[in-house]
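[1] here is a sequence together with a model predicted from it:
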Amino acid sequence: MYSTKKTKSNNSYNELTSSIKNGEIKNFYIFYGEERYLLERSLSNLRALICPEGLDSFNYKRYEGKGLIIDELEDAVNTLPAFADKTLIEIHDYNIFKGDSRERLCEMFTDLPDYVCIVFIFSTIEYKPDNRQKINKEILKYAAVIEFVVQEQDKLVKWIKRHFMDAGKNISSSDAEYLAFITGGLMSSLNGEIEKTAAYAKHETVTRSDIDMVVTPVLDAVTYKLTDALVSQNSKRALQILDELFQMRVAPHMIISGISLKMRQLLVARVCIESSLKKDVLIEICGIRHEFQASTLMNTAQKATLSDCKDAVLYSSETALELNSTAEPEARMIELIAKLAFRK
């Protein structure tokens, strides 16, 4: 039911950042991960280091996965850089772990020249090597695999505050956490929201009301708010949030999926409270991304009973099943909200 995967470390990214800073570039990288902001910034830093004269130079090559011809790639690898130490070759969205070209690619990776830096970027295709296949294991032996993960809470809050300062504004740590929470915590999303909020805020210090006025929360954050409204016995607010989701044209199946997930997480949080377990257990069991999301769940669970949490999971599951056959999904969702009115 839940992911037991612990929060991932960002060691590979930190090592990459350090190596670029020191000018110690490897020959073969694989870039992937959810945090596109860090991925793009790392690519930009690599480009600036290897191709300081710009990307229209002779020493920069870019290929798209669908149009990649292995012969052309081999030619690029074997061509000496012009008036520079290295050539940068980027291949976007090409799955090196499938297809008939793996043998040739692996042979090329075993003997890459020192003057080449080749980077495979997984953006629109999933990075999922089948390590049961010997050829894939062999390819990975030669690659520096960099995963760009969502930043830890303390680093993310510092980054948000620093970007607001660059825009001439201040923000408290708690409101920075809130902004990260309602945007999903991805820097690629936060970057634009920070600019928008800083431009809107009339005073030097950005407030939560400023954030709420201009930032559209992600579905995950909205369902947290809806859950909290329900356990606070504020059915009117819960229905208002549901109506906002309808106005945003969010599909009922997506809404019930979000509600069901939050109700299951709320049940786990309540069990943790009953068992005197701390929120790090909740984070591990539910695979929660940020500490402040776990804090929100634990605070909400304090207001609910174990019995009500169990009922909420059952009601949500029943509604999810019924949505497959009902002709009025919105009406069924409203009925669910009425059913989920927690009792003290």
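    Okay, I see it. Fair warning: this is a prediction, and the values are worked out from it, not measured in the lab.
[2] could you pull out the strands for this protein?
    28-32, 60-64, 87-92, 116-121, 144-147, 170-171, 205-206 (DSSP state E).
[3] so the first one versus strand 116-121, what angle?
    Using axes from the mean of the first three to the mean of the last three C-alpha atoms, to 10 degrees, the inter-axis angle of strand 28-32 relative to strand 116-121 is 20 degrees.
[4] isn't Ile50 up against Lys61?
    No: using C-beta atoms under 8 Å as the test, Ile50 is too far from Lys61 to be in contact (11.1 Å). (C-beta placed from N, C-alpha, C; glycine too.)
[5] okay, and the common contacts of these two?
    Common contacts of Ile50 and Lys61 (C-beta atoms under 8 Å, 6 or more residues apart in numbering): 87-88.
[6] one step back: can I get the strands of the chain in JSON lines with distance to Asp100?
    Below are the strands of the chain laid out as JSON lines (distance: least, C-beta to C-beta, whole Å):
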{"stretch": "strand 28-32", "distance to Asp100": "20"}
{"stretch": "strand 60-64", "distance to Asp100": "18"}
{"stretch": "strand 87-92", "distance to Asp100": "17"}
{"stretch": "strand 116-121", "distance to Asp100": "17"}
{"stretch": "strand 144-147", "distance to Asp100": "23"}
{"stretch": "strand 170-171", "distance to Asp100": "53"}
{"stretch": "strand 205-206", "distance to Asp100": "54"}
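[7] pull out the buried residues from the longest helix anywhere in the chain.
    If you go by DSSP state H, the chain has its longest helix at helix 252-274. Neighbour counts over helix 252-274 (16 or more other C-beta atoms under 10 Å) mark 252, 255-273 as buried.
[8] quick one: contacts for the residue nearest to Tyr94 when sequence neighbours are not counted?
    Leaving aside its sequence neighbours, Tyr94 sits nearest to Gly65 (C-beta to C-beta, 6 or more residues apart in numbering; 3.4 Å). By C-beta under 8 Å, 6+ apart, the residues touching Gly65 are 91-95, 125.
[9] confidence score at Gly65?
    For Gly65, the model assigns a pLDDT of 87.
[10] before we move on, what about Thr7?
    39.
[11] please apply the same query to Cys309.
    93.
[12] verify the stated contact: it with Leu266.
    Yes: using C-beta under 8 Å, Cys309 is in contact with Leu266, at 5.5 Å.
[13] overlap in contacts, the two.
    Both Cys309 and Leu266 are contacted by Ala301, under the criterion C-beta under 8 Å, 6+ apart.
[14] tell me which stretches of the stretch 201-344 of the chain form helices.
    208-214, 219-231, 235-247, 252-274, 279-286, 291-301, 306-322, 329-339 (DSSP state H, counting those that start in this stretch).
[15] buried stuff in stretch 193-213?
    Neighbour-count burial for stretch 193-213, counted by 16+ other C-beta under 10 Å, picks out 193-194, 196-198, 201, 206, 210-211.
[16] of the residues you listed, closest to Asp114?
    Ile194 (40.6 Å; C-beta to C-beta).
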